[in-house]
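Undergrad: Generate a structure from the sequence data that follows.
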Amino acid sequence: MTEALIHAMVEMQEGAALQRARQLLDTGIDPIKILDACSNAMETVGKRFEKGEYFLPNLMLAGEMMKQISEMLKPLLKAEKTGAGRGKVLIGTVEGDIHDIGKNIVTFLLEANGFEVRDIGIDQSPQKFVAAIQDFRPAVVGMSGLLTLAFESMKKTVQAIEAAGLRHDVRLIIGGGQVTERIKDYTGADAHGPDAMAGLRITKKWIGGQ
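TA: Predicted coordinates for the structure are as follows:
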């Protein structure tokens, strides 16, 4: 029953996707199945992105569709209390960088896959990351940055987390258009995600049971 929804999302048919999601809800289908369909669609979109068949605007549109459908489902999911979710993820763009497109897409993906996400926003200092970790107690922390100057901020943030005695409590992943394995080693993070789907896969591997 969800195949038409998956097809519409994969083919970037926003109106059809939202209409199909509403129709599925009207039939009384388990909202978790709709969420699973969205996740399956996003996985296909991600694979097309990795192959160079889709580009960032496609990822953004798919993420927007997923966000709107998630908003439809949220009241029902909260009412049903279908579980505590897979785990907590803290995410933010590091100090000196104001780019948030990639961060927002990762947030959409994580929330649609059952993670509890706290997005602390852009241009966040190491101290703000530390304070958020102490308050939210996430299992994974994602640091985003598009500019090369973000690399030094990422390193300082990792150092601040270590200095606060929190390094062994969290797994750290960095992401951004210019982030590489070498930058991951430089900053001291545990992993880097070259794109949003990679970030989702790594987080699932760490705390998602997959």
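Undergrad: So what are the structural domains in this protein, by residue number?
TA: In the assignment given by automatic domain parsing, the structural domains of the chain cover 3-80, 88-208.
Undergrad: Can you tell me the closest non-neighbouring residue to Tyr54?
TA: Arg48 (4.1 Å; C-beta to C-beta, 6 or more residues apart in numbering). In this view, the C-beta of every residue, glycine as well, is placed from N, C-alpha and C.
Undergrad: List the residues that contact Trp200.
TA: Careful, residue 200 is Leu; it's not Trp. 46, 106, 109-110, 113 (C-beta atoms under 8 Å, 6 or more residues apart in numbering).
Undergrad: one more time with 7 Å, if that's ok
TA: Contacts for Leu200 were tallied using C-beta atoms under 7 Å, 6 or more residues apart in numbering; they are 109-110, 113.
Undergrad: just Ser70 next, same as before
TA: 111-112.
Undergrad: just Gly145 next, same as before
TA: If you count contacts by C-beta under 7 Å, 6+ apart, then Gly145 has 93-94, 97, 153-154, 176 around it.
Undergrad: So which of these belong to strands?
TA: Thr93 (DSSP state E).
Undergrad: got the contacts of Gly145 as CSV, with neighbour count columns?
TA: Compiled in CSV, these are given as follows (neighbours: other C-beta atoms under 10 Å):
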residue, neighbour count
Thr93, 28
Val94, 28
Asp97, 24
Ser153, 23
Met154, 29
Gly176, 25
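Undergrad: can you redo the contacts of Gly145 as JSON lines with distance to Ser70 and pLDDT?
TA: Formatted as JSON lines, those follow (distance: C-beta to C-beta, whole Å; pLDDT from 0 to 100):
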{"residue": "Thr93", "distance to Ser70": "22", "pLDDT": "95"}
{"residue": "Val94", "distance to Ser70": "26", "pLDDT": "97"}
{"residue": "Asp97", "distance to Ser70": "26", "pLDDT": "90"}
{"residue": "Ser153", "distance to Ser70": "30", "pLDDT": "97"}
{"residue": "Met154", "distance to Ser70": "29", "pLDDT": "98"}
{"residue": "Gly176", "distance to Ser70": "24", "pLDDT": "85"}
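Undergrad: just the contacts of Gly145 now: which is nearest Gln134?
TA: Taking C-beta to C-beta as the measure, Gln134 lies nearest Val94 of the contacts of Gly145, at 17.6 Å.
Undergrad: Could you tell me the average pLDDT over the helix with the most length in the chain, please?
TA: Longest helix of the chain, by residue count under DSSP state H: helix 56-80. Averaged over helix 56-80, pLDDT sits at 80.
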